[in-house]
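Peer 1: Return a 3D structure for these sequence lines:
(chains A and B)
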Amino acid sequence: MPNSLRAILPLALFAALVALLFFGLGTDPRKVPSPLVGKSVPQFTLPTLQDPSRTVSDADLRGQVSLVNVWFSSCVSCRAEHRQLMAIAKESGVQIVGLNWKEADKADALQMLRQFGNPYRLVAFDEDGRVGIDWGVYGAPETFVVDRKGTIRYKQIGPIDQAVWEQTLRPIVDQLKAES
Amino acid sequence: MRLKMLSAAGLASVGLAMGLAGSPTLGLIAPARAFTLEEFAFEDPAQQAEFRGLIDELRCLVCQNESLSASQADLAQDLRREVYEMMRAGKSKAEVVDFLVARYGDFVLYSPPIKPSTYVLWFGPLALGLLGAVVVLRAIRAKAKAPEEDLSEAERARVAELLAQGGEAAEAVAGPAGKAPATGKGARS
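Peer 2: Sure, this is the predicted structure:
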């Protein structure tokens, strides 16, 4: 090895280590990638939040592109993204299905939808969180993008704001709509 | 007065730290009550031990540095219940683990499986250790092989002269059993 290269090697190794650690700083360890992406949505049947005699099931997620949004009323970040969900429902025409997850008091969830509007075509009421476990939910809000065939194509962990919608979710939704 | 102000500042910073620590980033649920493992009882002590062992090996997704057995998060309790019910229903340990990995990924396992994406994790430290050993061995060998610096004719003559001088000087000062080598060194430097 030429001497000049040998002299520069420790510096190069150090720079590589710094680059690796810097990359590590920028990633959020709370965002655990979901093994469900690319798989079919889990089978489920749940009563709707509004009417226990009506049900929502995985069949409601087939035939059109959907967003499945996991939320509950006392979750601060869910409240924060609510306005954006209203805007998405209005603007994009994609159906948003809510999964109301481990709600402490149903009345609070209904009150939240009355007060801030209801962006959901359907809201499934998952009181004990078992369907949430099947979806690999570990902290609301989480949002799944599901294609027409009922395959999960993307998982958004954390609240959706305008930037997340414009830069991440809308391109995926548009692409899935274009797929036949 | 000064003391009061200091303690007020101290309290404020503690409050700030607590506020920061408690701020939810993803709106994760705070535990409403303390959970214990008492409710998860098995008739068979061996199965009980297997359950305790299993939930020790599984990670809570909410408090990521806690196992399922240790975490007080709401989700951890739900998952403990899920594991408990599956084991009560006669599912094997492997089936329970597969169930959780299918939903939450390998991250739920404290001990990640050995597969291509984890080769670096499993074998990286070993490879680095071997690389270090090779580098050290090569450095030692290179040093051992390097020829000792030879002295020129003139230098040899000078050394002989100095040694002779040193020997005489030492004998002159302390006698034959004296500190000849020390004096010799002194003469060299």
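
Peer 1: and residue B:70, how many neighbours does it have?
Peer 2: As a burial measure, residue B:70 scores 14 neighbours (other Cβ atoms under 10 Å in any protein chain shown). Using the backbone N, CA and C atoms, a C-beta is placed for each residue, glycine as well.

Peer 1: Once you drop chain neighbours, what's closest to the residue nearest in space to the middle of chain A?
Peer 2: Chain A has residue A:143 as the residue nearest its centroid, 1.7 Å off, counting by Cα atoms, centre = their mean. Excluding its sequence neighbours, the residue lying closest to residue A:143 (Cβ to Cβ, 6 or more residues apart in numbering or on different chains) is residue A:156, at 4.2 Å.

Peer 1: and the one you found, that one's in a helix?
Peer 2: No. Looking at residue A:156 with DSSP: H, G, I helix; E, B strand; the rest coil, it is strand, so not inside a helix.

Peer 1: Could I get the pLDDT score of it?
Peer 2: Residue A:156 carries a pLDDT value of 95.

Peer 1: Helix or strand with the lowest mean pLDDT in chain A?
Peer 2: The helix or strand of chain A with the poorest confidence is helix A:3-26; it has a mean of 89 (mean pLDDT, DSSP states H and E).

Peer 1: hey, where'd the helices end up in the chain?
Peer 2: I'll assume chain A. A:3-26, A:76-92, A:106-116, A:130-134, A:162-164, A:170-178 (DSSP state H).

Peer 1: if you could check chain B rather than the one you did, that'd help
Peer 2: Under DSSP H, chain B gives helices at B:2-22, B:45-57, B:74-88, B:93-104, B:119-145, B:153-174, B:180-188.

Peer 1: which outside residues touch the second one?
Peer 2: Defining contact as Cβ atoms under 8 Å, 6 or more residues apart in numbering or on different chains, one finds that helix B:45-57 is touched by B:37, B:40-42, B:67-69, B:80, B:83-84, B:87, B:93, B:96-97, B:109-111.

Peer 1: Can you turn the buried subset of those residues into a selection I can paste into ChimeraX?
Peer 2: A single ChimeraX command suffices to select whichever of these are buried according to 16 or more other Cβ atoms under 10 Å in any protein chain shown:
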select /B:40,67,68,69,80,83,84,87,96,97
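
Peer 1: got a pLDDT number for residue A:97?
Peer 2: Predicted confidence (pLDDT) for residue A:97: 97.

Peer 1: Tell me the spacing between the nearest residue to residue A:62 once chain neighbours are set aside and residue A:60.
Peer 2: Among residues not flanking residue A:62 along the chain, residue A:150 sits closest, at 4.3 Å (Cβ to Cβ, 6+ apart). Applying Cβ to Cβ, to the nearest Å, the value for residue A:150 to residue A:60 is 10 Å.

Peer 1: which of the two has more neighbours?
Peer 2: When residue A:150 and residue A:60 are compared for neighbours, residue A:60 comes out ahead with 20 against 17, by other Cβ under 10 Å.

Peer 1: give me every residue that touches the more buried one.
Peer 2: A:66, A:97, A:122.

Peer 1: Which one of the residues you listed sits in the busiest neighbourhood?
Peer 2: Ranking the contacts of residue A:60 using other Cβ under 10 Å puts residue A:66 first, with 24 neighbours.

Peer 1: pLDDT at that residue, what is it?
Peer 2: Reported pLDDT for residue A:66: 96.

Peer 1: Just list whatever residues bridge to it.
Peer 2: Taking DSSP bridges as the rule, residue A:66 bridges to residue A:95, residue A:146.

Peer 1: likewise the one 4 residues further on?
Peer 2: Beta-bridge partners for residue A:70, by DSSP bridges, are residue A:99, residue A:142.

Peer 1: doesn't residue A:136 make contact with it?
Peer 2: No. Taking contacts as Cβ atoms under 8 Å, residue A:70 lies outside contact range of residue A:136: 10.2 Å.

Peer 1: Quickly list what's touching both of the two.
Peer 2: Contacts common to residue A:70 and residue A:136, judged by Cβ under 8 Å, 6+ apart, are absent.

Peer 1: By mean pLDDT, point me to the weakest helix or strand of chain B.
Peer 2: helix B:2-22 (a mean of 41).

Peer 1: ok, back up a step: just give me the lowest mean pLDDT stretch among the helices of chain B.
Peer 2: What stands lowest among the helices of chain B, in mean pLDDT terms, is helix B:2-22, with a mean of 41.

Peer 1: what's around residue 127, how many residues?
Peer 2: Looking at chain A here, since you left the chain open. Neighbours of residue A:127 (other Cβ under 10 Å): 15.

Peer 1: other chain: chain B
Peer 2: 11.

Peer 1: That one and residue A:16, how far apart?
Peer 2: Applying Cβ to Cβ to residue B:127 and residue A:16 gives a distance of 15 Å.

Peer 1: which other residues reach stretch A:111-120?
Peer 2: With Cβ under 8 Å, 6+ apart, stretch A:111-120 has contacts from A:49, A:69, A:73, A:79, A:82-83, A:85-86, A:88-89, A:96-98, A:123.

Peer 1: Mean confidence (pLDDT) on that stretch, please.
Peer 2: On average, stretch A:111-120 scores 96.

Peer 1: That stretch spans what distance, first to last residue?
Peer 2: Criterion Cα to Cα, to the nearest Å; first-to-last residue distance in stretch A:111-120 is 14 Å.

Peer 1: What of stretch A:164-174?
Peer 2: Stretch A:164-174 end-to-end distance (Cα to Cα) = 14 Å.

Peer 1: what's the offset of that stretch from the middle of its chain?
Peer 2: Centroid separation for stretch A:164-174 versus its chain: 12 Å, with Cα atoms, centre = their mean, to the nearest Å.

Peer 1: I'm done for today, thanks for sticking with me.
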